[in-house]
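Enquirer: sequence and predicted model, in that order:
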Amino acid sequence: MSSKNVNRMPFLAATITASILTLIFGLSYRTLLTRLGATVTSTPISPSALQAFPMHIGDWTGEDIPIDEKIVSRTGTDAHINRRYSRNNGMDSVLLYVACGTNLGNVLEHHPLRCYSGAGCTVQDRRSTEFVLDNGIKLPCNIFHFSRGDFETQRITVLHYIILDGQRCSEISVLRSRIWRILATVDYVAQVQIVVSSGGTITSDSMIKMASEFAVESASSIADIFERIQNDRNAETTDPLKKEGGSQ
């Protein structure tokens, strides 16, 4: 075997792995989205509902990164956050993307494995993990590694989890089983993506560590804001004046 072919082996292995992961994920994902396509509750979430999310999380300071309105409209989601959080004088930086809505199919369609692969990235690794927060609550999530460029010059780590009516889920298979059992009672779904990208200046382990630290530090604030959203929606459901748009 020539040295040229030997050098291509890791690339071919990564390509085959990416194809298999994408195929398996795609089959189950399309089945779920078909089942959920018409699942819409009567009251959308306010587009401003997530804007109260704090700009300061521990040592992290955030800044909004605007998304083109045309792109937002294509997602079919009700509300979103797209912010960059930095610490250590900008040495550490993550992108936080949170999107939520009452149309479950629309929200779940933009899964990292689907979107990043569709944007020309190659998935290099995928792993499941679980963090135990200070209050003892578990945070299950998946971590994806992508690369982009002829020589894999850009590396991207995405920590991802789903919130279904306040309950955190790590993966589509877990979410699918829960939704199919309680399909009539689902009120909203949200996905959280914490993204770290590098042109080669930091290691993959450091990228995982950075995304994981932010995930743990931001988890309670994310839970709080969705608890607030749920309480507001419950109040609208039980208060006839609010349901009609206010008192007369």
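Expert: Sure thing, it's come through. Numbers count the residues shown, from 1 in each chain.

Enquirer: state the next helix or strand along the chain beyond the host helix or strand of residue 85.
Expert: Per DSSP states H and E: residue 85 is located in strand 79-87. Under the assignment DSSP H and E, the closest C-terminal helix or strand after strand 79-87 is strand 92-101.

Enquirer: so which elements touch the helix or strand just after that next one?
Expert: Sequence order places helix 104-108 as the next helix or strand after strand 92-101, per DSSP H and E. Packing partners of helix 104-108 (3 or more CB pairs under 8 Å, 6 or more residues apart in numbering; DSSP states H and E): helix 3-36, strand 92-101, helix 172-181, strand 189-198. Every residue, glycine included, has its C-beta placed from N, CA and C.

Enquirer: buried ones in helix 104-108?
Expert: Within helix 104-108, the residues that count as buried by 16 or more other CB atoms under 10 Å are 104-108.

Enquirer: report the rounded mean pLDDT for that helix.
Expert: Over the span of helix 104-108, the pLDDT mean works out to 75.

Enquirer: got the CA coordinates for that helix in PDB?
Expert: Output in PDB follows, covering the C-alpha atoms of helix 104-108 (Å, rounded to 0.1, in the frame of the first residue of the first chain):
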ATOM      1  CA  LEU A 104     -42.200  20.500  17.800                       C
ATOM      2  CA  GLY A 105     -41.300  19.400  14.300                       C
ATOM      3  CA  ASN A 106     -40.000  22.900  13.400                       C
ATOM      4  CA  VAL A 107     -37.800  23.200  16.500                       C
ATOM      5  CA  LEU A 108     -36.400  19.700  16.300                       C
END
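
Enquirer: make 878 the starting number, not 1.
Expert: With the count now opening at 878, the last piece we talked about shows up as helix 981-985.

Enquirer: tell me which residues of the helix or strand just after it come out buried.
Expert: Scanning forward in sequence from helix 981-985 by DSSP H and E, the next helix or strand is helix 989-995. For helix 989-995, a neighbour-count test (16+ other CB under 10 Å) marks 989-991, 993-994 as buried.

Enquirer: avg pLDDT for helix 989-995?
Expert: 83.

Enquirer: pLDDT weak spots in the protein?
Expert: Scanning the chain for pLDDT under 70 picks out the ranges 878-919, 1027-1029, 1049-1062, 1114-1125.

Enquirer: follow-up on the earlier one: which one of the buried residues of helix 981-985 is nearest to residue 963?
Expert: Of all the buried residues of helix 981-985, the one sitting nearest residue 963 is residue 984; the distance, using CB to CB, is 27.0 Å.

Enquirer: could you export the buried residues of helix 989-995 as TSV, including distance to residue 1071?
Expert: Putting the buried residues of helix 989-995 into TSV (distance: CB to CB, whole Å) gives the following:
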residue	distance to residue 1071
989	10
990	15
991	17
993	14
994	18
